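Undergrad: Provide a 3D model corresponding to the input given below.
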Amino acid sequence: MRCFLHLVKGKVALTDDIGVDAVDIGAAAAEILIALRDLRAADPDAENDWHGWSLEIVDCMGYVRGRISLDEPENMSTLQGHNG
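TA: I've put the predicted structure just below:
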């Protein structure tokens, strides 16, 4: 499935027009969490800029299928599934 990854904070949305291929939402979330962990390890100070932002996983129909808070990306419970 094609997933688009939108960065969202309040009314601000930075949309992904390219997307990535994933087996399912769970696989996409797992890859995102790995990438976020790697980014935090490479530049711990960058985390200060992430406060309040979320990453929405959106399907090709435009439905938000999951959301990961960048405030707590290491916690898988931050993934909230949406079956829209």
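Undergrad: For V8, what is the enclosing helix or strand?
TA: strand 2-9 (DSSP states H and E).
Undergrad: tell me which residues in that strand are buried?
TA: When burial is assessed from 16 or more other Cβ atoms under 10 Å, strand 2-9 yields the following buried residues: C3, F4, L5, H6, V8. Yep, even glycine has a C-beta here, placed from its N, CA and C like the rest.
Undergrad: Enumerate the positions of the lowest-mean-pLDDT helix or strand in the chain that are buried.
TA: Every helix and strand of the chain was ranked by mean pLDDT, DSSP states H and E. The lowest is helix 25-42, at a mean of 85. Of the residues in helix 25-42, those buried under the neighbour-count criterion (16+ other Cβ under 10 Å) are I25, A28, A29, I32, L33, L36, R40.
Undergrad: can you put those residues in JSON lines and add distance to L14?
TA: Rendered in JSON lines, the data for the buried residues of helix 25-42 read as follows (distance: Cβ to Cβ, whole Å):
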{"residue": "I25", "distance to L14": "20"}
{"residue": "A28", "distance to L14": "17"}
{"residue": "A29", "distance to L14": "19"}
{"residue": "I32", "distance to L14": "15"}
{"residue": "L33", "distance to L14": "19"}
{"residue": "L36", "distance to L14": "16"}
{"residue": "R40", "distance to L14": "19"}
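Undergrad: Give the other helices and strands that the strand holding V8 contacts.
TA: Contacts defined by 3 or more Cβ pairs under 8 Å, 6 or more residues apart in numbering; DSSP states H and E place strand 2-9 against strand 12-14, strand 20-21, helix 25-42, strand 54-59.
Undergrad: can you put those in a markdown table and add distance to S69?
TA: Written out in a markdown table, the entries for the helices and strands packed on strand 2-9 read as follows (distance: least, Cβ to Cβ, whole Å):
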| stretch | distance to S69 |
| --- | --- |
| strand 12-14 | 15 |
| strand 20-21 | 20 |
| helix 25-42 | 10 |
| strand 54-59 | 5 |
